[in-house]
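Turn this into a model:
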Amino acid sequence: MLDVVVRNGKTIDGQKVEIGISDGKIVEISDKISKESRREMNLNDDQYISAGWIDDHVHCYEKMTLYYDYPDEVGVKRGVTTVIDAGTTGAENIGDFCELASKSKTNVYALLNISKWGIVEQDELADLTKVQRDAVRTAIERFPEFIVGLKARMSKTVIGSSGIEPLRLAKNFQREYGELPLMVHVGSAPPELSEIMELMDKGDVLTHCFNGKDNGIFDREKRQIKDFVWEAYNKGIIFDIGHGTDSFNFEVAKQALSEGMTSSSISSDIYVRNRENGPVYDLATTMEKLFVVGYSWEEIIKQVTERPAENFHLRNKGKLAVGYDADMTIFTIKNSEKELIDSNGNIRKAKQEIIPVETIIGGQIYDN
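Sure thing, here's the model as predicted:
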């Protein structure tokens, strides 16, 4: 007997599906499941089901003061089954974060900030004595299931006079500790975006990819994406949205799409202030902004499921497939007008909303 059967399911491309769940795993997928179950979940005709949404850039270590939130506030309550905290903590405090995160309903992973205390202060990479090889190694060895990558924030307010050196150190750590994925935050210069991209390799993640800053990917004089950005994109650097308070611009995203450049993953860079006061609010709102830009719902769903799971090597997540974790998001797409605001105050009108209604994590069902 199965634990749960999800009936009358429909994927975003219209495929009819029923899903059998046992012991927190997907054990059967079919257009019709005949086995008995302890619980049946019948979806309405206007509801869709996908693999659980993954937000690969959040800040949810509640003990911080600059950037913090609570995993379930940005996760399960928002239709998100898995979050990756993007470098809030470093080697000295990631153990405490891991313990707190284990109490959440939402699946929580972390990118280890290369500065040992993480983002305690805005300029965590200005003092390179806080970037310690042995501390990084010890943290990775202690929490191999929790730490899924490294994080280096490479913008003016973070690095002080350290220049490009923090990224060089991050790349050294990455090579030494088993080619962990590396996420690089970009913003105002220094360092120049061209310097950063030159050091990045295929599979590295550039977050805040469509920010509206002068040091971003868009050449406002020529009205096109910068040539060196195309070189980095074509060599396989992963472009991640990382919306945040100050890092997503409609015009930049639209121009990139018009030239054939798309993000690989859609993430919110959410924390308590931009969740409560905007312009982020939740992952679904960020997804709606990419739809307004011109992405299809099919592509958007891939960018919050399959793609981030691949980018951060989250095995058994990101797909509706036998053997995968029973993490799923059930949602509707509603025809209605909604005002969306980017990080620079630009407004666009959406004609569709995506609304998560129920979340399944490890076979457990939660209403939104």
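
Break this structure down into its domains, please.
2-50+322-367, 53-311 (automatic domain parsing).

Show me what the helix or strand hosting residue 333 is packed against.
Using DSSP states H and E, residue 333 maps to strand 328-341. Strand 328-341 sits against strand 47-51, strand 80-86, helix 283-293, strand 347-361, with contacts defined as 3 or more Cβ pairs under 8 Å, 6 or more residues apart in numbering; DSSP states H and E. Using the backbone N, CA and C atoms, a C-beta is placed for each residue, glycine as well.

switch the cut-off to 7 Å
strand 47-51, helix 283-293, strand 347-361 (3 or more Cβ pairs under 7 Å, 6 or more residues apart in numbering; DSSP states H and E).

In its sheet, which strands sit next to that strand, and in what direction?
Sheet pairing for strand 328-341, assigned by DSSP bridges, gives strand 47-51 (antiparallel), strand 347-361 (antiparallel).

Which of these has the highest mean neighbour count?
Mean neighbours per residue, mean count of other Cβ atoms under 10 Å, is largest over the strands paired with strand 328-341 for strand 47-51, with a mean of 22.

related to what we said a few turns ago, please point out which parts of the strand holding residue 333 sit buried.
For strand 328-341, burial by neighbour count (16 or more other Cβ atoms under 10 Å) applies to 328, 329, 330, 331, 333, 340, 341.

With stretch 200-215 instead?
200, 204, 205, 206, 207, 208, 209, 210, 211, 212, 213, 215.

The fifth one and residue 181 touch, don't they?
The one in question is residue 207. No: contact criterion Cβ atoms under 7 Å: residue 207 and residue 181 do not qualify, at 11.4 Å.

for residue 21, what are its contacts?
Residue 21 sits next to 2, 3, 4, 27, 326, 363 when contact means Cβ atoms under 7 Å, 6 or more residues apart in numbering.

if you look at the residues you listed, which of them are in strands?
2, 3, 4, 27 (DSSP state E).

Which members of these are the farthest-apart pair?
4 and 27 (10.1 Å; Cβ to Cβ).

returning to that earlier point: quick one, which of the domains of the chain is packed in tightest?
domain 53-311 (a mean of 20).

first to last residue in that domain, what's the distance?
14 Å (Cα to Cα, to the nearest Å).

Quickly find the element holding the residue nearest the centre of the chain.
Central residue of the chain (Cα atoms, centre = their mean): residue 56, 2.1 Å from the mean position. Residue 56 belongs to strand 53-58 when assigned by DSSP H and E.

name the helices or strands packed onto that strand?
strand 80-86, helix 306-311.

Reformat the ones you listed as JSON lines; add mean pLDDT and distance to residue 99.
Shown next, in JSON lines, are the helices and strands packed on strand 53-58 (pLDDT from 0 to 100; distance: least, Cβ to Cβ, whole Å):
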{"stretch": "strand 80-86", "mean pLDDT": "98", "distance to residue 99": "14"}
{"stretch": "helix 306-311", "mean pLDDT": "98", "distance to residue 99": "24"}
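
List just the one of the ones you listed that sits closest to residue 354.
Across the helices and strands packed on strand 53-58, closest to residue 354 is strand 80-86 (Cβ to Cβ), at 12.3 Å.

Please name the nearest non-neighbouring residue to residue 344.
residue 212 (4.8 Å; Cβ to Cβ, 6 or more residues apart in numbering).

What residues does that neighbour make contact with?
249, 251, 252, 343, 344.

any idea which of the residues you listed is closest to residue 191?
residue 252 (19.5 Å).

Now the closest one: which helix or strand?
helix 250-258.

what does residue 73 give?
helix 71-74.

can you list the residues that contact that helix?
Contacts of helix 71-74 (Cβ under 7 Å, 6+ apart): 55, 58, 60, 80, 83, 101, 104, 105, 106, 108, 270, 275.

CA atoms only for that helix - export them in PDB, please.
The C-alpha atoms that make up helix 71-74 are tabulated as PDB, following Å, rounded to 0.1, in the frame of the first residue of the first chain:
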ATOM      1  CA  PRO A  71      13.600  28.900   6.300                       C
ATOM      2  CA  ASP A  72       9.900  28.100   6.400                       C
ATOM      3  CA  GLU A  73       8.900  31.700   5.900                       C
ATOM      4  CA  VAL A  74      10.700  31.800   2.500                       C
END
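
roughly how far is that helix from the heart of the chain?
Centroid separation between helix 71-74 and its chain, computed with Cα atoms, centre = their mean, to the nearest Å, is 13 Å.

got it, and stretch 197-206?
For stretch 197-206 - counting by Cα atoms, centre = their mean - the centre lies 17 Å from the chain centre.

Identify the residues contacting it?
164, 167-168, 171, 181-184, 186, 228-229, 232, 235-240, 311.

quick one: the helices in the stretch 51-200 of the chain?
71-74, 94-101, 133-142, 156-159, 165-176, 193-199 (DSSP state H, counting those that start in this stretch).

and the angle for the fifth one with helix 133-142?
Following axes from the mean of the first three to the mean of the last three Cα atoms, to 10 degrees, one obtains 40 degrees for the angle between helix 165-176 and helix 133-142.

And helix 165-176, what does it pack against?
strand 147-154, strand 182-186, helix 193-199.

May I see these arranged in JSON lines, with mean pLDDT as well?
Shown next, in JSON lines, are those (pLDDT from 0 to 100):
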{"stretch": "strand 147-154", "mean pLDDT": "98"}
{"stretch": "strand 182-186", "mean pLDDT": "98"}
{"stretch": "helix 193-199", "mean pLDDT": "98"}
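
how about those in CSV, adding distance to residue 41?
Putting these into CSV (distance: least, Cβ to Cβ, whole Å) gives the following:
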stretch, distance to residue 41
strand 147-154, 30
strand 182-186, 35
helix 193-199, 45
